[in-house]
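Novice: got a predicted structure here, sequence first:
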Amino acid sequence: MSLLPFFLQYSWVIPLAPLVGFLINGLGIFLGLPYAKSKKFSGFIACLAIFVAFVFAVGVFYNLMGLPAEERSVTRYLYTWLASGNLKADAAFLIDPLSSVMMLIITGVGFLIHVYSTGYMAEDPSYPRFFTYLNLFCFAMLLLVMGDNIFMLFIGWEG
């Protein structure tokens with residue numbers, strides 16, 4: 001059991017939420033499920049996903065600023081991604097004041113873009129696909145700023 005505050009323990013939810021939104025909408029489109037054609041459903045899932053990420057980003061920022069200054073850098077290891085000789089690449093997230101502010105910007109502005117786009121894209125036939133890609137973009141940007149090493153940064157950059 002970790003002694004970290006709740007939101008820092010579950011900081012992995014921040015990039016996971018837009019990924020889940022992408023998967024729900026994307027698999028629905030790919031498999032031709034009836035809900036995937038519903039503009040209201042795909043927009044709701046996308047907005048909900050980025051809103052959950054925003055709530056957790058606010059919590060992470062609040063928890064991080066509550067720590068003493070020398071403890072405001074937290075690394076959350078997910079698993080060892082690559083190990084070869086002396087080279088070890090972990091799938092890990094680095095949470096520090098800079099990355100937490102960037103998470104707030106990505107999720108906060110991303111949520112506003114999602115909400116605005118529900119009206120702006122209302123008549124577009126590619127509405128569900130747009131929201132699928134918008135969630136994927138937010139996921140990639142969050143990986144970019146939360147990555148602990150160059151490999152995670154590269155995955156976010158290429159996403």
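Specialist: Good, I have the coordinates. Numbers count the residues shown, from 1 in each chain.
Novice: which residue packs closest to R129, ignoring adjacent ones?
Specialist: Leaving aside its chain neighbours, R129 sits nearest to I29 (6.3 Å; criterion: C-beta to C-beta, 6 or more residues apart in numbering). In short, each C-beta sits where N, CA and C put it, glycine included.
Novice: tell me the contacts of the one you found?
Specialist: Counting by C-beta atoms under 8 Å, 6 or more residues apart in numbering, I29 touches A36, P128, R129, T132.
Novice: only the buried residues of the longest helix along the chain, if you could.
Specialist: Scanning the chain for the longest helix, with DSSP state H as the assignment, gives helix 39-65. Under the neighbour-count criterion of 16 or more other C-beta atoms under 10 Å, helix 39-65 has 39, 41-43, 45-61, 63-64 buried.
Novice: contact partners for Y10?
Specialist: So Y10 contacts F56 (C-beta under 8 Å, 6+ apart).
Novice: for this structure, which strand is longest?
Specialist: Counting residues, the longest strand found in the chain (DSSP state E) is strand 74-84.
Novice: partner strands of that strand, with direction?
Specialist: According to DSSP bridges, strand 74-84 forms sheet pairs with strand 87-95 (antiparallel).
Novice: and the partner strand, what's buried?
Specialist: So, applying 16+ other C-beta under 10 Å, buried residues of strand 87-95: D90, A91, A92, F93, L94, I95.
Novice: got it, and stretch 5-25?
Specialist: Going by 16+ other C-beta under 10 Å, stretch 5-25 has these buried residues: 5, 7-9, 11, 13-25.
Novice: ok, stretch 139-157 next?
Specialist: Using 16+ other C-beta under 10 Å as the test for burial, stretch 139-157 gives 139-148, 152-153, 156.
Novice: from those residues, which land in helices?
Specialist: Counted as lying in helices by DSSP H, out of these, are F139, A140, M141, L142, L143, L144, V145, M146, M152, L153, G156.
Novice: which two of the residues you listed have the greatest separation?
Specialist: F139 and L153 (14.1 Å; C-beta to C-beta).
Novice: N25 in helix, strand or coil?
Specialist: Three-state assignment for N25 (DSSP: H, G, I helix; E, B strand; the rest coil): helix.
Novice: surely it meets G43?
Specialist: No. When contacts are counted by C-beta atoms under 8 Å, N25 is not listed as touching G43 (9.3 Å).
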